[in-house]
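Enquirer: Got a predicted structure plus its sequence, pasted below:
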Amino acid sequence: CGARRADVRRQPCGRLTVAIASWNLAGRSSWSSNQDLRSLIRGAVGPTATQGGSGRPAVDVFIFSFQEMVELTAANVVVQGAGDSARHACFEAKAPDALAAELGEAYVRVSSIGMVGLYVAVFVARRFSGDVAGVAACRRAAGMSGQFGNKGAVGVRFEVAKTSVCAIAVHLESGVGKASERTAQLRDIVTEMTFAHSGGVARLETPAKKHDLVIVAGDCNFRLSLPPGADTSKLGGLLAGSWPDPAADGGAGCVGEGSSSSMAHGAFKKYDEVCGDQIGVASIREVLRDADLMEGPVFFPATYRMAIGARTYDAERVPAWCDRIFHSKVGVTRKRYCALGGVLSSDHRPVAALLETHLLALPGFMPPARSSGAPPPPTATLPPQAPLAPPTPTQADSVSSQLADQLDLLSFTTEPSAVASPQSAATPSPASSPSAPSAGYGAGFPVPAQANVPGPSLPAPQPRAANTSSPVASPSPGGSVASGDGALPGLPLPL
């Protein structure tokens, strides 16, 4: 009852601006290029995120969602159950500098988590570092019926003041004719994922969909449900002409809502796996509806499969709108939803979004003012934590050559075809919706054990409420892992 009364006392005290960038890296370290990483940030933020002529950012939280951070070989699927920690550490060392350079103030890492090639990282403006609490991370494997993490989702949840945010990176089943598998994976992720986290004096379990702001971003592998014998030979050429000149916006080459806009392509509107009229669409819509998720209008060309280093499509594949971002309907205003045609170092083009929601807090909370002048260097440390256990305890030497062959044939190859859907325009809502009891803003900074790799991270704030729980990693059912302050229950995803 006490927790419920505390939740009722939450009230809006301003706006929280959240930027998201999602990119399938095709196994390449594309983010190691300063130009690509800064273009990714610039594309997500766009001109709408600056204040007047000062160039100061209005971005409070930045979320990176990566897929195929390593190649999806059989060996990597088995050995890299928790992702490639060296690559994670390298990215986390570079990201704060790139964010500060593009957005004009210092950012620190809240948490991150990986699984094979999947990875999600959350950074918050340093001015909010003392107001973040209830941090937890989660992974859910979906490959081979939940046994392997080549497909699935990873997520991070946290609270800024009393506003709860859940960020999920997904990579769903690939291939034509696999809509039902993708639907089942999405449904599982959004309905079954639950985060165990500190709630002051108690331990809380909060389902993914019970947060004030839920973001699902990644390679959904949606395809076009084309009729038999459809001639797609000219589709790639038509779509290639829809990408703008990247020089117009500093190299990002953004196209879509909130940027240089093009209309939705006819093939997308008619045959998209989410919004078309083909069999199976209704079930995907139901998953989105049940999870209170939506998507902005898709006013950008297909993001897959592109020629690496060029603005043309692979002639052997049917172009597809694989890369998507979904978000909560209630209380959210979407400022931007676009694809980045100027970032060419993968066979996917990144997608990005800029969202605003209510900043909820207890009475008397004053949002920190944005600093002026040059940002301070992003120095911060995390206390050492036990490493997060991989989704499954299987070791490489226990996998027979027969299993490796099966993995190679499973879903590591992409097939020609189609893709996803535009939903409806963002619908801002004036009132905040109640959420699960929060851990209390400023209550230390419980960070999931996975976030123990080097790199600038959230500094230890002056705690207003001590958090004494210690992380203990243990496997949990359903292909998920639980871990201390970042208990990691399973992750089901409905795109």
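Expert: Arrived safely, thanks for sending. Residues are numbered from 1 along each chain as shown.

Enquirer: For the nearest residue to residue 329 once chain neighbours are set aside, grab the count of nearby residues.
Expert: Spatial nearest neighbour of residue 329, chain neighbours left out: residue 294 (4.8 Å); criterion: C-beta to C-beta, 6 or more residues apart in numbering. In short, each C-beta sits where N, CA and C put it, glycine included. If you count neighbours by other C-beta atoms under 10 Å, residue 294 ends up with 20.

Enquirer: what do you get for the one 5 residues further on?
Expert: As a burial measure, the neighbour count of residue 299 was computed by other C-beta under 10 Å and equals 22.

Enquirer: can you confirm residue 78 is in a helix?
Expert: Yes: Residue 78 forms part of a helix when assessed by DSSP: H, G, I helix; E, B strand; the rest coil.

Enquirer: Local confidence estimate at it?
Expert: Listed pLDDT for residue 78 reads 93.

Enquirer: Next, residue 276: secondary structure please.
Expert: Strictly by three-state DSSP, residue 276 counts as coil.

Enquirer: doesn't residue 267 make contact with it?
Expert: No: shown here, residue 276 and residue 267 do not form a contact pair, counting by C-beta atoms under 8 Å, at 9.5 Å.

Enquirer: Please export the C-alpha coordinates of the longest helix along the chain as PDB.
Expert: The residue-count maximum for a helix in the chain (DSSP state H) belongs to helix 85-103. C-alpha atoms of helix 85-103 as PDB (Å, rounded to 0.1, in the frame of the first residue of the first chain):
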ATOM      1  CA  SER A  85      32.900  -7.900 -23.900                       C
ATOM      2  CA  ALA A  86      35.900  -6.400 -25.700                       C
ATOM      3  CA  ARG A  87      33.800  -4.800 -28.400                       C
ATOM      4  CA  HIS A  88      31.300  -3.600 -25.800                       C
ATOM      5  CA  ALA A  89      34.100  -2.000 -23.800                       C
ATOM      6  CA  CYS A  90      35.600  -0.400 -26.900                       C
ATOM      7  CA  PHE A  91      32.200   1.100 -27.800                       C
ATOM      8  CA  GLU A  92      31.500   2.300 -24.300                       C
ATOM      9  CA  ALA A  93      34.800   4.100 -24.200                       C
ATOM     10  CA  LYS A  94      34.100   5.900 -27.500                       C
ATOM     11  CA  ALA A  95      30.400   6.700 -27.100                       C
ATOM     12  CA  PRO A  96      30.600   9.400 -24.300                       C
ATOM     13  CA  ASP A  97      33.100  11.400 -26.300                       C
ATOM     14  CA  ALA A  98      31.000  11.200 -29.500                       C
ATOM     15  CA  LEU A  99      27.800  12.200 -27.500                       C
ATOM     16  CA  ALA A 100      29.500  15.100 -25.900                       C
ATOM     17  CA  ALA A 101      30.900  16.300 -29.200                       C
ATOM     18  CA  GLU A 102      27.500  16.200 -30.900                       C
ATOM     19  CA  LEU A 103      25.200  17.200 -28.100                       C
END
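
Enquirer: what about stretch 43-60, start to end distance?
Expert: Terminal residues of stretch 43-60 lie 16 Å apart, using C-alpha to C-alpha, to the nearest Å.

Enquirer: ugh, wrong one, stretch 64-73
Expert: Using C-alpha to C-alpha, one end of stretch 64-73 lies 23 Å from the other.

Enquirer: For that stretch, what does the pLDDT average out to?
Expert: So the average pLDDT for stretch 64-73 ends up being 97.

Enquirer: Need the contact partners of that stretch.
Expert: 20-27, 31, 40, 76, 80, 83-84, 87-88, 91, 95, 114, 116-121, 123, 150, 167-171, 217-219, 408, 412 (C-beta atoms under 8 Å, 6 or more residues apart in numbering).

Enquirer: at 6 Å instead, please
Expert: Residues outside stretch 64-73 that contact it (C-beta atoms under 6 Å, 6 or more residues apart in numbering): 21-27, 76, 80, 84, 87, 117-121, 150, 169, 171, 217-219, 412.

Enquirer: which of these are buried?
Expert: 21-26, 76, 80, 84, 87, 117-121, 150, 169, 171, 217-219, 412 (16 or more other C-beta atoms under 10 Å).

Enquirer: returning to that earlier point: and the longest helix of the chain, which residues are buried?
Expert: In helix 85-103, counting by 16+ other C-beta under 10 Å, buried: 85, 87-88, 90-92, 94-100, 102-103.

Enquirer: Report all helices and strands that that helix contacts.
Expert: helix 34-45, strand 107-115 (3 or more C-beta pairs under 6 Å, 6 or more residues apart in numbering; DSSP states H and E).

Enquirer: Which one's more surrounded, residue 276 and residue 267?
Expert: residue 267 (22 against 19).

Enquirer: Give the helix, strand or coil label for the more buried one.
Expert: helix.

Enquirer: show me where pLDDT drops low in the stretch 201-350 of the chain?
Expert: 262, 277-282 (pLDDT under 70).

Enquirer: now the helices for it?
Expert: Ranges of helices in the stretch 201-350 of the chain, per DSSP state H, counting those that start in this stretch, are 235-240, 266-271, 281-290.

Enquirer: Nearest to residue 36, out of the ones you listed?
Expert: Residue 36 lies closest to helix 235-240 among these, at 20.1 Å (C-beta to C-beta).

Enquirer: Right, I'll leave it there.
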